[in-house]
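**Student:** following is a predicted model, sequence given first.
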Amino acid sequence: MHSITYRITGLMFLLVAITVAGLTYLANWQMENLFQDYLQTMQIGIQEGGRMMVGVIGLPEKEFLASVHEALIWVGTGILIFGLFVSHALARSITVPLLKLNSAVEKIARGEFGQKVDINAKDEVGKLAAAFNQMAEILVANNQLRQRLLADIAHELKTPLAVIQGNLEGMLDGVIEPDKEQLQSLYEETIQLNILIKDLRDLSLAEAGQLRLEKQPTDVNQIIVRASGMLKPLADEKDINLVNELGELPNISVDAGRINQVLYNLLTNALRYTPQNGIIRVTTRTEKVDGRDWVVISVEDTGSGIAEQDLPYIFNHFYRADKSRTRASGGSGIGLAIVKQLVDIHDGRVFVTSKLGEGTTFKIYLPAYTQDSSFL
């Protein structure tokens, strides 16, 4: 009796049985009392007419009452049987979808992702099924992202390690002369490898909410000027016009180093995809949204742009619209993921709009309040 079907069926049947029994009892009691009253009334009428009848209920009357009782029994039995079938059908309409959900959950627990339940009801069970199907889709997407993440990490680590290993083997075999130029090349590869590992560590800590921020009142415009100055030689090398249009901003509570990392990632990304004689424009302003004051930083370029189908995934780990995966076409693919995580842990928001062939704009919203504190 642990099944919900049996419990609901039993409960509904018990309610119907009690109702039928009560109605039958009341009907019999009322019938006998009313019939007795009728006969007594008839007896009084006959006495007043001058005649006297002996007996109250005769054989015809008993047969009539028996037929009424029998009819009530048949009707009550029919209602009980009907109630049993109806209650069982009602119970199954609830429990069968739940059994489907339970079966799908067990398969997901075994690692069989992508399970869906075909339940089109509009009630609470239908809503639960819709939520389950949505969860299953998210699990499939997350599992695919996890698999791709592992493959991408292996790919990104493999390149510098392969270069280092190949050069060292060549030196050991006497094929490559261990001169300063070769050692410099190996040193640069180790730097790239170290940067990648550091970025992965920061990203994992930020996603886990364990990246420590050293917040203090900061002028964001100064961070932008410093980051732009660092990248100005690269912009000049490609004949790209790097423009700052900075509005008057209040000092806000941020980790200056992390915000500098955000801007550096966005600017290097813009430089990578902006062609010669292009423009990269960084603007700042204050804006009130939903009753809150925000500092808004925009990084706009006239680069190649991002396809509409790629925009929802642009902040995912290692996601790049260019699937060639060569270093000439882009970096490690986690720069924008780090941008989003660092902005998120500052209680901010980051948005991207883009059009192929026209350019891309990233907008960062940071809360415009000052709080001199550190937190995890």
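**Tutor:** That came in fine, so what should we check first?

**Student:** CA only for contacts and neighbour counts going forward, please
**Tutor:** OK.

**Student:** Leu205 contacts Lys198, doesn't it?
**Tutor:** No. In this structure, Leu205 is not within contact of Lys198 by Cα atoms under 8 Å, at 10.6 Å.

**Student:** more neighbours, these two?
**Tutor:** Leu205 (15 against 12; other Cα atoms under 10 Å).

**Student:** how about the more buried one, nearest residue that isn't a chain neighbour?
**Tutor:** Computed as Cα to Cα, 6 or more residues apart in numbering, the closest residue to Leu205 that is not its neighbour in sequence is Leu211, at 4.9 Å.

**Student:** isn't the one you found right up against Arg201?
**Tutor:** No. Using Cα under 8 Å, Leu211 makes no contact with Arg201, being 9.5 Å away.

**Student:** of those two, which one has the most company?
**Tutor:** Remark: of Leu211 and Arg201, Leu211 carries more neighbours, 18 against 13, as counted by other Cα under 10 Å.

**Student:** could you look up the SS state of that one?
**Tutor:** coil (DSSP: H, G, I helix; E, B strand; the rest coil).

**Student:** just Leu80 next, same as before
**Tutor:** Relying on three-state DSSP, one would call Leu80 helix.

**Student:** that one touches Thr19, doesn't it?
**Tutor:** No. Contact criterion Cα under 8 Å: Leu80 and Thr19 do not qualify, at 9.5 Å.

**Student:** so for those two, which sits in the more crowded spot?
**Tutor:** Leu80 (21 against 15).

**Student:** distance-wise, check that one relative to Val16.
**Tutor:** According to Cα to Cα, to the nearest Å, Leu80 stands 6 Å off from Val16.

**Student:** and what of Ile138?
**Tutor:** Distance, Ile138 to Val16, using Cα to Cα: 45 Å.

**Student:** and the two? Which one has more around it.
**Tutor:** Ranked by neighbour count (other Cα under 10 Å), Ile138 and Val16 place Val16 first, with 20 against 14.

**Student:** for the more buried one, give me its contacts.
**Tutor:** Val16 makes contact with 79-80, 83 under the criterion Cα atoms under 8 Å, 6 or more residues apart in numbering.

**Student:** tell me the SS of His346?
**Tutor:** Classification of His346 using three-state DSSP returns coil.

**Student:** and for Glu300?
**Tutor:** On the basis of three-state DSSP, Glu300 is classed as strand.

**Student:** correct me, but Leu213 touches Asp255?
**Tutor:** Yes. With contact defined as Cα under 8 Å, Leu213 and Asp255 form a contacting pair (5.7 Å).

**Student:** which residue ranges of the stretch 251-376 of the chain form helices?
**Tutor:** 256-273, 335-344 (DSSP state H, counting those that start in this stretch).

**Student:** could you export the ones you listed as JSON lines, including mean pLDDT?
**Tutor:** Formatted as JSON lines, those follow (pLDDT from 0 to 100):
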{"stretch": "helix 256-273", "mean pLDDT": "89"}
{"stretch": "helix 335-344", "mean pLDDT": "87"}
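
**Student:** out of those helices, which one sits most buried?
**Tutor:** helix 335-344 (a mean of 22; mean count of other Cα atoms under 10 Å).

**Student:** so what does that helix touch, helix or strand wise?
**Tutor:** helix 180-207, helix 256-273, strand 349-355 (3 or more Cα pairs under 8 Å, 6 or more residues apart in numbering; DSSP states H and E).

**Student:** dump these to TSV, plus distance to Asn221.
**Tutor:** Shown next, in TSV, are those (distance: least, Cα to Cα, whole Å):
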stretch	distance to Asn221
helix 180-207	24
helix 256-273	11
strand 349-355	18
